[in-house]
Each structure stands twice: as structure tokens, then as C-alpha cells.
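1. Make a model of this:
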Amino acid sequence: MSKNGLFLLSIGCLLLLFSVNTVTAVYDILSLVTALTLIMSGIIITIKGKNPKRSRG
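-> As a prediction, this is how the structure comes out:
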């Protein structure tokens, strides 16, 4: 699951880079919100994948 989280994180970072218009320096709000959502979900999946599974015993 860690690979999926890193994939979402990288796609979110790329989308964040491309969400700005280089001529007017104005952010596209929909792309910005989508990028931040992908980044946050990627971080959550990566953190949950790193926790070792403990068994009762």
C-alpha cells in the first residue's frame, strides 16, 4: 500500500505544479483542490502503510 500512497503523492505534486498559469500567475482552483486532495490522501496511505501490524499474544 505504500507504493500506492507514493504514487498519489507524486501525481498530486505534479498537478500542483501545473495548476498555475505561468503568464498571469493565477491558480486554477479546481486543479489546486484536486492536487491537495491527492497529496493528503497519499500522505495518509503512506503513513498507514508504514505502521507495523502488531499481533496479540
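
2. got a list of what residue 31 touches?
-> Counting by Cβ atoms under 8 Å, 6 or more residues apart in numbering, residue 31 makes contact with 15, 18-19. Bear in mind the C-beta positions are built from the backbone N, C-alpha and C, glycine included.

3. which stretches of the chain form helices?
-> For the chain, the helices defined by DSSP state H occupy 2-18, 29-50.

4. got the angle for the longest one vs helix 2-18?
-> By that I understand helix 29-50. Angle of helix 29-50 versus helix 2-18, following axes from the mean of the first three to the mean of the last three Cα atoms, to 10 degrees, is 160 degrees.

5. Using PDB, list the CA coordinates for helix 29-50.
-> Once non-C-alpha atoms are left out, helix 29-50 reads as follows in PDB (Å, rounded to 0.1, in the frame of the first residue of the first chain):
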ATOM      1  CA  ILE A  29      -8.900  26.400  -8.100                       C
ATOM      2  CA  LEU A  30     -10.200  23.100  -9.300                       C
ATOM      3  CA  SER A  31      -6.700  21.700 -10.100                       C
ATOM      4  CA  LEU A  32      -5.400  23.100  -6.800                       C
ATOM      5  CA  VAL A  33      -8.100  21.400  -4.700                       C
ATOM      6  CA  THR A  34      -7.600  18.200  -6.600                       C
ATOM      7  CA  ALA A  35      -3.900  18.300  -6.100                       C
ATOM      8  CA  LEU A  36      -4.200  19.000  -2.400                       C
ATOM      9  CA  THR A  37      -6.700  16.100  -2.000                       C
ATOM     10  CA  LEU A  38      -4.300  13.700  -3.800                       C
ATOM     11  CA  ILE A  39      -1.400  14.900  -1.700                       C
ATOM     12  CA  MET A  40      -3.300  14.500   1.600                       C
ATOM     13  CA  SER A  41      -4.700  11.000   0.700                       C
ATOM     14  CA  GLY A  42      -1.200   9.900  -0.500                       C
ATOM     15  CA  ILE A  43       0.300  11.000   2.900                       C
ATOM     16  CA  ILE A  44      -2.400   9.200   4.800                       C
ATOM     17  CA  ILE A  45      -2.000   6.000   2.800                       C
ATOM     18  CA  THR A  46       1.800   6.100   3.200                       C
ATOM     19  CA  ILE A  47       1.700   6.700   6.900                       C
ATOM     20  CA  LYS A  48      -0.800   3.900   7.400                       C
ATOM     21  CA  GLY A  49       1.300   1.500   5.300                       C
ATOM     22  CA  LYS A  50       4.400   2.200   7.400                       C
END
